[in-house]
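Engineer: sequence and predicted model, in that order:
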Amino acid sequence: MTKVLACYSDSHIVFLDRHFLPSLPATASVELFHMDQVCETGAYTDARWCDMASRLLEIKGHAITFGTAPFFVSDVDARFYDHINIDLGTMLDTTGADLLMQDDGAGGMCSGSFFVKPSKRVAQVFFDAINLLPKHNGHDQPALNEALANHPEVKATKLPSRYWSQGATTGKVWNPGDPVDPPNDIVVHQANWCIGIENKLSLLDEVRRTVEARR
């Protein structure tokens, strides 16, 4: 059974209830961390988002420091469509990677969806990313990617496209009415490249309808 680590604040309970928890595979166990609502809207780049991003990276860093077995990390604006543990362990072994991270397209590696082999060495990347947040205006994605570049001893490899974010293929922020084209073998969808809770819910709903119609 694969452990899934996820953090949420009150603004994101709707994601837990509508998509994340109902779709979590039976082969996964979940460890949830409730966070204070320091960013009032819970929307990317809004006031005090930097504080929220800092806390997210801190929680992930501590979990990676003290973890005893590989585990999956996911933001809660996500929906699962298949078992996540079928190939993750094999990919770690065959790639020799410390981190298997969702492709975020132009954003590089995704800080919100990844499989990790825990160690203090890998955790340091996440703690270093906290110090880089002000440089990147509170954006955790570029902060973590810079921290990874500063630690070449930590190997990060991109997950295949079945661990999917629509922005990885379009490179554009999604808005309601825009088309979606998830891969047929999709395992998990994270609603990246989409700003605002209502828009993210619309994106998750639209991808779900598309996947179900194809199946």
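Structural biologist: Looks like it came in fine. Numbering: from 1, shown residues only.

Engineer: so residue 128 sits against residue 151, correct?
Structural biologist: Yes - under the criterion of CB atoms under 8 Å, residue 128 lies in contact with residue 151, with a separation of 7.3 Å. Bear in mind the C-beta positions are built from the backbone N, C-alpha and C, glycine included.

Engineer: for residue 3, which three-state class applies?
Structural biologist: strand (DSSP: H, G, I helix; E, B strand; the rest coil).

Engineer: which residues touch it?
Structural biologist: By CB atoms under 8 Å, 6 or more residues apart in numbering, residue 3 lies in contact with 28-31, 69, 71-72.

Engineer: what bridges to it?
Structural biologist: Counting by DSSP bridges, residue 3 is bridged to residue 29.

Engineer: can you check residue 109 too?
Structural biologist: residue 103.

Engineer: does it touch residue 156 like I think?
Structural biologist: Yes - between residue 109 and residue 156 there is a contact under CB under 8 Å: 5.6 Å.

Engineer: overlap of the contact sets of those two?
Structural biologist: With CB under 8 Å, 6+ apart, residue 109 and residue 156 have common neighbours 99, 101, 148.

Engineer: out of those, who's nearest residue 180?
Structural biologist: The nearest member of these to residue 180, counting by CB to CB, is residue 101 at 21.7 Å.

Engineer: quick one: the closest one is in a helix?
Structural biologist: No - checked against three-state DSSP, residue 101 lies outside a helix; its state is strand.

Engineer: and it, what does it touch?
Structural biologist: 109-111, 113-115, 156-159.

Engineer: residue 195 in helix, strand or coil?
Structural biologist: Residue 195 - assigned by three-state DSSP - is coil.

Engineer: residue 131: helix or strand, and which one exactly?
Structural biologist: helix 120-132 (DSSP states H and E).
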